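1. fold the following for me, if possible:
(chains A and B)
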Amino acid sequence: MKLEFELDTYKSEVKPTWCPGCGDYAVLNALQHAMVELQLEPWNTLIVSGIGCSSNLPHFLSTYGFHAIHGRAVAVAEGIKLANPDLNVIVTGGDGDGYGIGVGHFIHAMRRNIDLTYIVMNNQIYGLTTGQASPTSEMGMKTKSTPLEGVIENPIDPIALALSTGATFVSRAFSGDAKQMAVMVAKGIEHKGFSLIDAMSPCVTYNKVNTYDFFRKRVYDLNKEGHDPSDLKAAFMKALEWPVLQRERIPLGLFYQNDRVPTYESLEPAYRKGNPMKQSLGVDDSDDLLAEFL
Amino acid sequence: MSKKDLALRIGGAAGDGVSSTAESFAKISARSGLHVWTYSSYQSVIRGGHVWTQVRGGLESLLSHGIDPDVVVALNQQTVDVHQGQVAEGGAIIYDSDLLKANPAKLRPRVRLLGMPLRKMAQQITPNALMRNTVALGAAVQLFDMDFRHVESAFKDIWGDKKPEVVQENIQAAKIGAEAVTRAGGSLQLGLRYSNVPKYLMTGNDAVALGALAAGVKFHAQYPMTPASSILHWLAAHGPKYGVVVKQAEDELAAMNMAVGAGHAGVRAMTATSGGGFCLMVEAIGQAGMTETPLVAVLVQRGGPSTGLPTKTEQGDLNLALGAGQGDWPRAILAPRHPEECFRLTAQAFNLAEIYQTPIILMSDLYLGEGFRTVEKPDFNVPIVRGMMAADGGNPGGFKRYAYTESGVSPRVLPGTKGYEYVAASDEHNDEGLLLSDILAGLPEHVEERRRMHEKRMRKLDGLRKDTPSPELWGPRNADLTFLSWGSTWGPAHEAILHLEEEGILVNSLEFPTLFPFHVDETLKILKGAKKTLSVEGNYTGQFARLLRAETGHTPTAQLHKYDGEPISWRDIAEKVLEVVA
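-> Below is the predicted model:
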């Protein structure tokens, strides 16, 4: 059967400008495959990104896009989604953007369980600003901004953070396993509520520690090892494995999913009138409205 | 000359119910047919301290809250001490004689000391301590000879059908207060003839919220901050019924970015804050300018800098609004003078935002935003103009969202429209939305594109200058002096003009509902006929005078700057005028 939307449908004329070997190519590819699988209408799909190498991603797709300022992609995406809940809104960006400067919005979007899919291309370094420590850089890692002792603060554990803050779809993927990543992205988009895909996406230029090899030696599929994604407690234990407890084994896959938590949209009183985009402007019964002022 | 207005001042500690009692009196006055103007002096505390509200009512339209009160209701000793000497001749001070002491030596002539056991009187009805306020309110209404049925109707509106027993208790308490006045010598005999034709009563913030609703706002995001919070409160309560998504954001960064998202998606979007919150919004409002996203940002000023004076008024954020965001981007800054204009200009701001696809900033302040005024009935039949949209359907791939145009405005499409997919970018981009910031940066043809794109955006200022309200001259043509002011300073300026006229000094007032883009030609034309000018504004450096000088070359003959947190009064202005014309 011929599909209405194929891979090429989602490709724009703009070619990615990432370094050869950058993990972000795999993320772009996984997203395109997920969109094919879900047959997302390009005109009803909006990719919002922040600032950083990975945040250029919307330009390489043929959907609608909004390339926001640094750290605010999630907040912009929330505004878009709340204004037009019929759009598929996907947020992309890096670890500096989402777990650093924008971490406040990330947390609050999760506790709202708003129906967004957030793909964080996590390379544990600032790439576009040429190699400073990021909020997920490992302890001891020497970078341009930590040249002497290396990083002397703990990295964020995005999976544990997401679990504790109310995200209802929490997963990790790796650019070295594009198939698994595409599955996670597709499931995340399908999920009703906030979904996080923490995509380990190696920076081949500035991060000489967390390389493809580093991950290949350590990753395993937690779902194949019998992890039950409906078990929040078990998900927490898995989340702590890396980077908190050890760095020998790194779990990939779906840590947690819960479909029973109401989305923000399902509780928003304004939607009793329907999609805000589809409503007439102005007020017909202004006398009722003004009665309290008379 | 018979008296044309009255004023009641209620003072106590925070938590004493000062503002709700004053609000009831304001409503009763408006229903008596009076024009009303209120001012609350309060503090950033939830309990204790000293707060007071003045409600002025007039047979003719008012220009400020500022006259000496005819009646002071003192709920604590500090209020007696601070305000007893300010009661107008022939007035009265109501206080609990069991708890408080007034000093007759400090009173003006013929001021009556109406000490009564307010608390005990209230306890005849209910143990609720705040009921003493209602006893005092009833006494005040009786002193002013107002129709008691307005007291009953106000209480019914406040507590409604849900709590009929509370309504009855309050009516009883007010009656006890009124009867006590009758026994203690009766009313003040001010001789005001009430029309009893009710008037609409609202704050500037209410009017902004109503104007937004009239214009079809469908998304409002805000983080609580005095004195802008009541916009959030009112819209949260009433918006959803009209399909408005109202979002309390986690901070002002989120509030502005959410508004940007909603405006980009295609609904009419708004955010509101005070100066501190606006500081957090400036990067994102520049993003709206760059991505050509319509939105309305309401900036209700309070005393700065930093946390400043949260409960006091100032006009110190003009430089902030003018310079918000890095680089240049087209904006309009509107400054309503009174609630009617808050309503009108908010509605107009939504049209300007969509026609020019850029943020519009509406600047108000605490004095205007939180003060109650009687207003003409707002006309919800406001024009709604949504600006230029590209046609639906077809044309895949070739759409130029940021097409270079003469007006600077390019046809807009909303996400969800098939065949027009594009990326809006906060980086510099060309007409198709392609980034000029990375691999194209610095290449000769793209240097040219950057120049053209920047000029395209900034050309919107020409249209905005034409479509924004012009400066207005009020008062006699052949004046000795012209006031230059903006925003809420309008009222005290007009009041000063009326008082100065009595002393034979002719003054008129030039006001600027649009602060940017500046209406240079119109301003210069008017200023040509001015003999002397006095700028009047509520900040330290004279931010408006500086803007005026930068835009027109005109330096005011004199400048009046007030930055003590209190609203500018007609007396402040009149004193300065005597200095200037001497």
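
2. and the stretch 351-500 of chain B, which of its residues are near chain A?
-> Applying C-beta under 8 Å from any C-beta of the partner chain, one finds that the stretch 351-500 of chain B approaches chain A through B:377-378, B:380, B:382, B:384, B:397, B:414-427, B:434-435, B:438-439. For every residue, glycine as well, the C-beta is placed using N, CA and C.

3. need the buried ones from those selected in ChimeraX.
-> Selection of buried members from these for ChimeraX, criterion 16 or more other C-beta atoms under 10 Å in any protein chain shown:
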select /B:378,380,382,384,414,415,416,417,419,420,421,422,423,424,425,426,427,434,435
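
4. spit out the contact partners of the closest residue to chain A within the stretch 101-250 of chain B.
-> Nearest residue of the stretch 101-250 of chain B to chain A, counting by C-beta to the nearest C-beta: residue B:216, 2.4 Å away. By C-beta atoms under 8 Å, 6 or more residues apart in numbering or on different chains, the contact set of residue B:216 is A:280-282, B:268, B:350, B:384.

5. quick revisit: now, the residues of the stretch 351-500 of chain B next to chain A that are in strands?
-> Taking DSSP state E, the ones among these that sit in strands are B:423-425.

6. only the buried subset of the contacts of residue B:216, as a ChimeraX command please.
-> Selection of the buried residues among the contacts of residue B:216 in ChimeraX, burial being defined by 16+ other C-beta under 10 Å:
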select /A:281,282 /B:268,350,384
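
7. quick one, what contacts the residue in the stretch 451-582 of chain B positioned nearest to chain A?
-> Minimum separation of the stretch 451-582 of chain B from chain A (C-beta to the nearest C-beta) falls at residue B:453, amounting to 15.1 Å. Residues near residue B:453 by C-beta under 8 Å, 6+ apart: B:402, B:404, B:428-431, B:436.

8. any idea how far the helix or strand harbouring it is from the chain center?
-> Assigned by DSSP states H and E, residue B:453 belongs to helix B:444-458. Put simply, helix B:444-458 sits 39 Å off its chain's centre (C-alpha atoms, centre = their mean, to the nearest Å).

9. send me it as CSV with only the CA atoms.
-> Coordinates of each C-alpha in helix B:444-458 appear next as CSV, following Å, rounded to 0.1, in the frame of the first residue of the first chain:
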residue,chain,number,x,y,z
PRO,B,444,27.7,39.3,0.1
GLU,B,445,24.2,38.6,-1.2
HIS,B,446,23.1,37.6,2.3
VAL,B,447,24.6,40.7,3.9
GLU,B,448,22.3,42.5,1.5
GLU,B,449,19.4,40.3,2.5
ARG,B,450,19.9,41.0,6.1
ARG,B,451,19.8,44.7,5.4
ARG,B,452,16.6,44.4,3.4
MET,B,453,14.9,42.2,6.0
HIS,B,454,15.8,44.5,8.8
GLU,B,455,14.5,47.5,6.9
LYS,B,456,11.3,45.6,6.0
ARG,B,457,10.5,45.0,9.6
MET,B,458,11.3,48.5,10.7
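
10. report the buried residues of it.
-> Under 16+ other C-beta under 10 Å, the buried positions of helix B:444-458 are B:446, B:449-450, B:453, B:456-457.

11. got TSV for the contacts of residue B:453, with neighbour count and pLDDT too?
-> Below are the contacts of residue B:453 laid out as TSV (neighbours: other C-beta atoms under 10 Å in any protein chain shown; pLDDT from 0 to 100):
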residue	neighbour count	pLDDT
B:402	23	96
B:404	15	95
B:428	17	97
B:429	25	96
B:430	18	95
B:431	17	94
B:436	19	92
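
12. which parts of chain B belong to which domain?
-> By the assignment in automatic domain parsing, chain B contains the domains B:5-198, B:202-375, B:388-469, B:472-581.

13. can you pull the contacts of residue A:48?
-> So residue A:48 contacts A:58, A:65-66, A:68, A:73-74, A:76-77, A:80, A:89-92, B:261 (C-beta under 8 Å, 6+ apart).

14. and residue B:495, that one's in a helix?
-> Yes: remark: residue B:495 belongs to a helix, assigned using DSSP: H, G, I helix; E, B strand; the rest coil.

15. please state the offset of the helix or strand bottoming out on mean pLDDT in chain A from the chain centre?
-> Sorted by mean pLDDT, DSSP states H and E, the helices and strands of chain A end with helix A:286-290, the least confident at a mean of 94. Relative to the centre of its chain, helix A:286-290 is centred 44 Å away, using C-alpha atoms, centre = their mean.

16. cool, stretch A:240-259 as well?
-> 16 Å.

17. confidence score at the residue in the stretch 151-294 of chain A that chain B sits nearest to?
-> In the stretch 151-294 of chain A, the residue that lies nearest chain B is residue A:281 (2.4 Å; C-beta to the nearest C-beta). Confidence at residue A:281, expressed as pLDDT, is 95.

18. please apply the same query to residue B:249.
-> The score at residue B:249 is 98. That number is its pLDDT.

19. ok, it to residue B:230 distance?
-> For residue B:249, the distance to residue B:230 equals 17 Å [C-beta to C-beta, to the nearest Å].

20. looking at the two, which is more packed in?
-> residue B:249 (24 against 20; other C-beta atoms under 10 Å in any protein chain shown).

21. need the pLDDT of the nearest residue to that one once chain neighbours are set aside.
-> Counting by C-beta to C-beta, 6 or more residues apart in numbering or on different chains, residue B:249 lies nearest to residue B:255, which is 3.9 Å off, once chain neighbours are set aside. At residue B:255, the pLDDT value in this model is 98.

22. residue B:255 and residue B:285 touch, don't they?
-> No: here residue B:255 does not reach residue B:285: they are 10.8 Å apart, not a contact under C-beta atoms under 8 Å.

23. who has more neighbours out of the two?
-> Between residue B:255 and residue B:285, counted using other C-beta under 10 Å, the more crowded position is residue B:255 (30 against 26).

24. looking at this, that one is in a strand?
-> No: read with three-state DSSP, residue B:255 is helix and lies in no strand.

25. check contacts around it.
-> So residue B:255 contacts B:221-223, B:247, B:249, B:271, B:273, B:277, B:281 (C-beta under 8 Å, 6+ apart).

26. compare those and tell me which is most surrounded.
-> Counting by other C-beta under 10 Å, top hit in the contacts of residue B:255: residue B:271 with 36 neighbours.

27. phi and psi next, for that one.
-> Backbone torsions of residue B:271, given as degrees, to the nearest 10, read phi -140, psi 160.

28. beta partners for it?
-> Taking DSSP bridges as the rule, residue B:271 bridges to residue B:221, residue B:297.

29. what's the residue of the stretch 101-250 of chain B closest to chain A sitting at in phi/psi?
-> phi 90, psi 30.

30. swap in residue B:57?
-> Dihedral angles (degrees, to the nearest 10) for residue B:57: phi -120, psi 140.

31. reformat the ones in strands among the residues of the stretch 351-500 of chain B next to chain A as JSON lines; add distance to residue B:531 and pLDDT.
-> Shown next, in JSON lines, are those (distance: C-beta to C-beta, whole Å; pLDDT from 0 to 100):
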{"residue": "B:423", "distance to residue B:531": "57", "pLDDT": "97"}
{"residue": "B:424", "distance to residue B:531": "51", "pLDDT": "98"}
{"residue": "B:425", "distance to residue B:531": "52", "pLDDT": "96"}
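
32. closest to residue B:35 out of these?
-> Relative to residue B:35, the closest of these is residue B:424; by C-beta to C-beta it sits at 47.5 Å.

33. which residues touch that closest one?
-> Per C-beta under 8 Å, 6+ apart, neighbours of residue B:424: A:65-67, B:264, B:291-293, B:401, B:433.

34. how about the residues of the stretch 101-250 of chain A near chain B?
-> Going by C-beta under 8 Å from any C-beta, the residues of the stretch 101-250 of chain A near chain B are A:104-105, A:107-108.

35. secondary structure element for residue B:373?
-> Applying DSSP H and E, one finds residue B:373 within strand B:372-375.

36. show residues contacting that strand.
-> Residues contacting strand B:372-375 (C-beta under 8 Å, 6+ apart): B:23, B:26, B:30, B:34-38, B:55, B:62, B:199-204, B:207, B:338-340, B:343.

37. hang on, the earlier thing: I'd like the contacts of residue B:255 laid out as CSV, including distance to residue A:227.
-> Listed next are these as CSV, based on distance: C-beta to C-beta, whole Å:
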residue, distance to residue A:227
B:221, 38
B:222, 41
B:223, 39
B:247, 35
B:249, 35
B:271, 42
B:273, 45
B:277, 43
B:281, 43
